[in-house]
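> Sequence and predicted structure are below.
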Amino acid sequence: MALIQEVLETVKKRNPSEPEFLQAVTEVLESIRPVIERNKKYRDAKILERLVEPERMIQFRVPWIDGEGQIQVNRGFRVQMNSALGPYKGGLRFHPTVCASIIKFLAFEQVFKNSLTGLPMGGGKGGADFDPKGKTDTEVMRFCQSFMTELFRHVGPNTDVPAGDIGVGGREVGYLFGQYKRLANEFTGVLTGKDPNWGGSLMRPEATGYGAVYFAEEMLKTRNETIEGKVCTVSGAGNAAQFTVEKLIECGAKPITMSDSSGFIYDKNGLTEEKLAFVKSIKNVRRGRIDAYAKKFRAKYVAGQRPWGLKCDCAFPCATQNEITGEDARKLVENGCYLVSEAANMPTIPAGVDLFLEKKILFGPGKAANAGGVATSGLEMSQNSMRLPWPCEEVDSRLRHIMSTIFKNAWETAAEYGHPGNLVVGANIAGFVKVAGAMLDQGVV
């Protein structure tokens, strides 16, 4: 319809050098056409025009002193996209590629993802073009303290609650929280992903990966299948990938790959708990490269490539955006893959998504399939508010229920709007309707 094209043209003119943001906005707006056409109230209230503009964007410099005593300067960001459903919620990413386009696309996606969880959270995202790789703990601490010295005035437990993302794990969250506590002179749940010893939720590290597998199980149920015995390719070797592999092993599946920016390992015998423990040691303790796995376990290592050319039943992209190209998608389909569950944010380019949908692949888009991470962050916020920790079993039970509910909502919404089985349309419309309803209720803000 003309309105969607008009909005997209405006977004392109206002954000000409932000391809990732344009990609995310285009994907969502194109898929929610049916609900916009049915509801004049959304058009009259300019909901689309308001959704694509952040409520607030913060950009700041982050000066810090490295181990040689030299001053370094990085660029920090926080995009507070939409607060219709609750405080802004979304992770912080520390990676050299971080820029306004990356953070805005992530914040935009986060709005709909958080809506799908059913928890009272708005959408935001932040980060810096800082690379923690190769830095000492002291250097990372200095950077985090400088970063939070600026960010702290813009966040708070009822305003904006950041979490981790690529490059921001337990170490970084600890340093960030410590500096916030010093500056604000209060101990509050301003960050999630904290250590359980001081306010974090059990199961938070596991949640994104576990949730992606739970979502895959829900998709397989539509064909009366289970994940047990399925050969699975997994990309990445960070938090999401590690716990995707862990849950796959626990469920009796056979994960055969992991990767990092240097290449991927292929273990035809499948990863085991022992092998995964070695990966966790490499990445979380030694902060090394994945090729060490191949040397230890006599697996194949392929430099400079991703694992999408291998035969598999299921694929779990857990690394980063746009990691599955159109050609990768074609290879996956040709090699027998019939399920893709996105544990990363927007890891498949539009041409790949189109092919998966055309070939009736069970496709779980990131805003639905990887919502387990932010869902458990939301549960951590609840625990912080009550000053009560929940045991693993309760958090895991709630996580399973949330992922099942997200799937059911997206599946039923897709059918309702004439696109049965299309979880991209279903997830986007379901997320949009809830946010748009709240915006209508709250007036022109």
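The structure has been received and is ready for your questions.

> And residue 281, how far from residue 242?
Distance, residue 281 to residue 242, using C-beta to C-beta, to the nearest Å: 11 Å. C-betas here are computed from N, CA, C, even on glycine.

> So for these two, which sits in the more crowded spot?
residue 242 (24 against 12; other C-beta atoms under 10 Å).

> Check what pLDDT the more buried one gets.
Looking at residue 242, its pLDDT stands at 97.

> What of the one 5 residues further on?
Per-residue confidence (pLDDT) for residue 247: 98.

> Just the element for it, please.
In this structure, residue 247 sits in helix 239-250 according to DSSP states H and E.

> so what does that helix touch, helix or strand wise?
The helices and strands touching helix 239-250, judged by 3 or more C-beta pairs under 8 Å, 6 or more residues apart in numbering; DSSP states H and E, are helix 204-221, strand 231-234, strand 254-255, strand 257-260, helix 273-280, strand 314-316.

> quick one, which of the ones you listed is nearest to residue 133?
strand 257-260 (10.0 Å; C-beta to C-beta).

> Report the mean confidence score over the closest one.
For strand 257-260, the mean pLDDT works out to 97.

> Ok, stretch 98-109 next?
pLDDT averaged over stretch 98-109 gives 97.

> next one: stretch 174-187
Here the average pLDDT along stretch 174-187 is 98.

> What residues of it count as buried?
For stretch 174-187, burial by neighbour count (16 or more other C-beta atoms under 10 Å) applies to 174, 175, 176, 177, 179, 180, 181.

> ok, and the closest non-adjacent residue to the first one?
Pointing back at residue 174 there. In space, residue 174 comes closest to residue 195 once its chain neighbours are excluded; the distance is 6.5 Å by C-beta to C-beta, 6 or more residues apart in numbering.

> From the centre of the protein, point out the most distant residue.
Relative to the centre of the chain, the most outlying C-alpha is that of residue 69, 35.1 Å out, by C-alpha atoms, centre = their mean.

> for the protein, what's the longest helix?
For the chain, the longest helix by residue count, based on DSSP state H, is helix 392-416.

> residues in contact with that helix?
Helix 392-416 has contacts (C-beta atoms under 8 Å, 6 or more residues apart in numbering) with 116-119, 201-203, 207, 210-211, 214-215, 218-219, 222, 364, 368, 371-372, 375-376, 379, 390, 420-423, 425-427, 429-430, 433.

> Now, of these, which are buried?
116-119, 201-203, 207, 210-211, 214-215, 218-219, 364, 368, 371-372, 375-376, 379, 390, 421-423, 425-427, 429-430, 433.

> Next step: those residues restricted to strands.
Among the buried ones among the contacts of helix 392-416, the ones falling in strands (DSSP state E) are residue 364.

> Could you say which helix or strand holds the residue farthest from the centre of the chain?
Per DSSP H and E, there is no helix or strand for residue 69.

> Kind regards, and thank you for your time.
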